[in-house]
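# Here you go, sequence then predicted model.
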Amino acid sequence: MQTPNSKPITPNSPIRCTWAGTDPLYIKYHDEEWGKPVYDDRTLFEFLILEGAQAGLSWITILRRRENYRRAFAHFDVQKVAAFNEQDVERLLNDAGIIRNKLKVNAAIINARLFIEIQKEFGSFSSYIWDYIPNQKPIENNILKMSDVPASTEISDRISKDMKKRGFKFFGTTICYAFMQATGMVNDHLMNCCAR
């Protein structure tokens, strides 16, 4: 059954990872962003916030609110988010355009401050996070079917463990691996996917 926003799948439709479904927003994200390497700190910070917000929810739920998150979180300017105060927390908790979860809102602000600490220590967050990946080039996983996609890996375990030790919230190994997929640290597109 199609939703009003879905496109029909025809025999000539390109083959995509099955999770992309038929929602145009999901298809656009799948084709243009997911699995593409990101080295820009602002975009990495955006995904850090969005992946944390997604915990326990579907990714499409967050994608549909992405523009609201951009507006609410100062277009993911890490310095501005790190300076958020109690009034900002109240504003965010009253913002129907985002997930109004106090733990997640507070985590975003805490994580912004810790993100800056990593930038100071390593020169950029990108340098820190990509240093976990051999040659700082995406890991190409040869995925044949969606059931072969891992929920976490030894690398996501290590990154998550270090970031938790630094105080990051909502960044367990499963969220970390989703972050790695979203930012192209790993390429988990199916081998026959048009976006590979």
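Sure thing, it's come through.
# In contact with the residue nearest the centre of the chain, which residues?
The geometric centre of the chain, computed from its C-alpha atoms, lies nearest to residue 47 (Cα atoms, centre = their mean), at 3.6 Å. Counting by Cβ atoms under 8 Å, 6 or more residues apart in numbering, residue 47 makes contact with 38, 179, 182-183. Every C-beta, even on glycine, is put in place using the N, C-alpha and C of the backbone.
# Next secondary structure element downstream of the one helix or strand it maps to?
Here residue 47 sits within helix 41-54, counting by DSSP states H and E. Later in the chain than helix 41-54, the nearest helix or strand by DSSP H and E is helix 59-63.
# Using PDB, write out every CA atom in that next one.
In PDB, the C-alpha atoms belonging to helix 59-63 read as follows (Å, rounded to 0.1, in the frame of the first residue of the first chain):
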ATOM      1  CA  TRP A  59      15.300   7.300  11.800                       C
ATOM      2  CA  ILE A  60      12.500   8.500   9.600                       C
ATOM      3  CA  THR A  61      11.000  10.100  12.700                       C
ATOM      4  CA  ILE A  62      14.100  12.200  13.000                       C
ATOM      5  CA  LEU A  63      14.500  12.900   9.300                       C
END
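# For it, what is the distance to the chain centroid?
10 Å (Cα atoms, centre = their mean, to the nearest Å).
# looking only at pLDDT, what's the mean for that helix?
The average pLDDT within helix 59-63 is 96.
# Show the end-to-end separation of stretch 63-80, please.
22 Å (Cα to Cα, to the nearest Å).
# Equivalent analysis for stretch 188-196, please.
9 Å.
# now stretch 183-196
With Cα to Cα, one end of stretch 183-196 sits 14 Å from the other.
# got the CA coordinates for the helix holding residue 47 in CSV?
C-alpha atoms of helix 41-54 as CSV (Å, rounded to 0.1, in the frame of the first residue of the first chain):
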residue,chain,number,x,y,z
ASP,A,41,32.8,19.1,11.8
ARG,A,42,29.5,20.9,11.6
THR,A,43,27.9,18.0,9.7
LEU,A,44,29.5,15.5,12.1
PHE,A,45,28.0,17.5,15.0
GLU,A,46,24.6,17.5,13.3
PHE,A,47,24.7,13.7,13.0
LEU,A,48,25.8,13.4,16.6
ILE,A,49,22.8,15.3,17.8
LEU,A,50,20.4,13.6,15.4
GLU,A,51,21.6,10.1,16.2
GLY,A,52,21.3,10.8,19.9
ALA,A,53,17.7,12.1,19.4
GLN,A,54,16.9,9.0,17.4
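# which residues of this structure score low on pLDDT?
Along the chain, the model assigns pLDDT under 70 to residues 1-12.
# May I ask you to name the longest helix in it?
helix 102-122 (DSSP state H).
# Report how many residues lie close to the spatially closest residue to residue 51 that is not a sequence neighbour.
Nearest residue to residue 51, sequence neighbours excluded (Cβ to Cβ, 6 or more residues apart in numbering): residue 179, at 4.7 Å. The local packing of residue 179 (other Cβ atoms under 10 Å) involves 24 other residues.
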